[in-house]
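**Student:** This is a predicted model, with the sequence first.
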Amino acid sequence: MATIYDVAERAGVSPATVSRVFNGTSVSAEKVAAVRQAAADLDFTPNRAARMLRTQSSEVIALVIPDIENPYFTEMARGVEDVASEAGFSVVLCNSDAQVAKEATYLRIAIAENMSGVIIATASEESDLGGILATGRPVVAVDRSTHYDIDGVTMANRAAGTSATQSLIDAGYRRIAYIGGPAHIDTAAERAAGWRSALATAQCGDDLGDLVRFATYRVDGGRAAMEELLALPDPPDAVVAGNNLIGVGAIQVLTEHGLTPPQVGVAVIGSLPFTTLSPTAVTVVRLPARHMGVTAAQMLLQRIKGDAQPARAVVLRNEIQPASPRH
């Protein structure tokens with residue numbers, strides 16, 4: 001049995017346009033003709049369309065992220081919106097502030113408002129997706145993995161940590177610290193594992209406990225952790241920042257102490273949103289946030305259209321931009 005999505009695909013328009021045609025809403029004559037011809041070809045009648053419009057979910061999806069102020073997540077949101085808009089869907093952006101309770105409220109709203117699906121960067125390993133999944137709505141996890149059997153799009157986080165650290169080793173640094181986000185979030189733990197692996201391979205010391213800090217994924221987290229590291233009896237000569245905002249905070253503190261890179265080496269996982277430094281003073285491991293949003297939205301729309309294949313896990317590669325050589 002043909003669906004409204006089949007008609008849209010055959011007519012070369014969005015599902016929303018098909019809905020408007022059968023609802024009598026103003027649509028160009030060319031699109032009306034294309035939709036009606038596609039419906040006739042597929043034996044899809046207006047009455048059947050009306051029944052589907054009454055029973056199916058709204059053409060709205062929710063995007064739940066932990067920090068709307070982080071440019072990484074806003075770039076991801078742009079990718080989601082681009083794909084959704086092209087398909088005739090609207091996106092409701094929900095900022096959880098990395099709070100499980102606030103996240104749960106947004107998921108309840110998604111159910112109450114009959115949204116078609118959810119894309120989510122979970123606030124915590126304790127995030128509860130059981131309620132939304134029980135309704136049959138598709139959910140795609142982004143940036144962070146979950147223990148649910150759902151589609152997911154993540155970065156190659158361990159590789160990012162390894163690449164960032166190796167770039168500092170190659171530049172001649174040896175006492176290299178790591179500042180990550182909360183330890184219970186897999187992105188922070190995996191990037192720390194990459195840092196440890198690179199240092200172990202280079203034989204840069206066995207006791208790394210005093211050189212790792214888990215903070216918030218925000219500027220204040222990077223600042224506080226960098227202050228602690230500089231206060232050590234034997235402070236680091238370089239640092240890997242686990243995300244873009246941590247990197248900003250760490251660089252601010254280093255600059256305030258007169259240790260502007262490359263005096264102390266800095267490698268940042270994620271593009272720096274703002275800094276007064278030369279763009280070549282810091283190593284940057286670029287994360288394709290927009291591509292992540294595009295990929296997640298495409299996967300969600302496939303599920304909304306009825307794709308029933310087993311859950312898929314997509315891991316995106318990163319790209320490193322090394323700092324200029326030390327003089």
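**Tutor:** Looks like it came in fine.
**Student:** centroid residue for the chain?
**Tutor:** Centroid-nearest residue in the chain: residue 143, 4.0 Å away (criterion: CA atoms, centre = their mean).
**Student:** so that residue touches residue 293, yeah?
**Tutor:** No: using CB atoms under 8 Å, residue 143 makes no contact with residue 293, being 9.9 Å away. In short, each C-beta sits where N, CA and C put it, glycine included.
**Student:** Now do the shared contacts for these two.
**Tutor:** Counting by CB atoms under 8 Å, 6 or more residues apart in numbering, the common neighbours of residue 143 and residue 293 are residue 76.
**Student:** quick one on the thing from earlier: and the residue nearest to the centre of the chain, backbone torsions?
**Tutor:** Backbone torsions for residue 143, taken as degrees, to the nearest 10, come to phi 70, psi -40.
**Student:** now do the one 3 residues further on
**Tutor:** For residue 146, the backbone dihedrals are phi -130, psi 170 (criterion: degrees, to the nearest 10).
**Student:** burial of it, as a residue count?
**Tutor:** 15 (other CB atoms under 10 Å).
**Student:** My guess is it contacts residue 128. True?
**Tutor:** No: the pair residue 146 and residue 128 does not pass the contact test of CB under 8 Å, sitting 10.1 Å apart.
**Student:** before we move on, the earlier item: could you report the distance from the closest residue to the residue nearest to the centre of the chain other than its chain neighbours to residue 106?
**Tutor:** Among residues not flanking residue 143 along the chain, residue 121 sits closest, at 4.3 Å (CB to CB, 6 or more residues apart in numbering). As judged by CB to CB, to the nearest Å, residue 121 and residue 106 stand 12 Å apart.
**Student:** do residue 249 as well
**Tutor:** On the measure of CB to CB, residue 249 and residue 106 end up 28 Å apart.
**Student:** What of residue 325?
**Tutor:** On the measure of CB to CB, residue 325 and residue 106 end up 47 Å apart.
**Student:** quick one, which of those two is more surrounded?
**Tutor:** Ranked by neighbour count (other CB under 10 Å), residue 325 and residue 106 place residue 106 first, with 19 against 10.
**Student:** Now do that one, the pLDDT please.
**Tutor:** On pLDDT, residue 106 comes in at 96.
**Student:** is it true that it touches residue 62?
**Tutor:** Yes: counting by CB under 8 Å, residue 106 touches residue 62, with 6.5 Å between them.
**Student:** got any residues that touch both of those two?
**Tutor:** Joint contacts of residue 106 and residue 62 (CB under 8 Å, 6+ apart) are residue 94.
**Student:** Can you give me the neighbour number for residue 315?
**Tutor:** 12.
**Student:** I'd assumed it was in a strand, is it?
**Tutor:** Yes: checked against DSSP: H, G, I helix; E, B strand; the rest coil, residue 315 lies within a strand.
**Student:** where do the contact lists of residue 121 and residue 106 overlap?
**Tutor:** Common neighbours of residue 121 and residue 106 (CB under 8 Å, 6+ apart) are residue 64.
**Student:** wait, what's in contact with residue 127?
**Tutor:** Residues near residue 127 by CB under 8 Å, 6+ apart: 100, 103, 104, 120, 146.
**Student:** Could you export those residues as CSV, including distance to residue 163 and secondary structure?
**Tutor:** As requested, the contacts of residue 127 are exported to CSV (distance: CB to CB, whole Å; DSSP: H, G, I helix; E, B strand; the rest coil):
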residue, distance to residue 163, secondary structure
100, 31, helix
103, 31, helix
104, 36, helix
120, 27, strand
146, 25, coil
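**Student:** Tell me the one among those nearest to residue 66.
**Tutor:** Nearest to residue 66 among these is residue 103, at 8.1 Å by CB to CB.
**Student:** tell me the pLDDT at that closest one?
**Tutor:** Predicted confidence (pLDDT) for residue 103: 96.
**Student:** ok, it touching residue 64?
**Tutor:** Yes: the pair residue 103 / residue 64 is scored as a contact, 6.0 Å apart, by CB under 8 Å.
**Student:** Need the residues touching each of the two.
**Tutor:** With CB under 8 Å, 6+ apart, residue 103 and residue 64 have common neighbours 94, 96, 120.
**Student:** what's the residue nearest to the second one when sequence neighbours are not counted in contact with, if anything?
**Tutor:** With sequence-adjacent residues excluded and distances taken as CB to CB, 6+ apart, residue 96 is closest to residue 103, at 4.0 Å. Each residue near residue 103 by CB under 8 Å, 6+ apart is listed here: 64, 94, 96, 120, 122, 123, 127.
**Student:** Residue 103 and residue 153, how far apart?
**Tutor:** 18 Å.
**Student:** Number of residues surrounding residue 73?
**Tutor:** 22.
**Student:** mind checking the SS state of it?
**Tutor:** helix.
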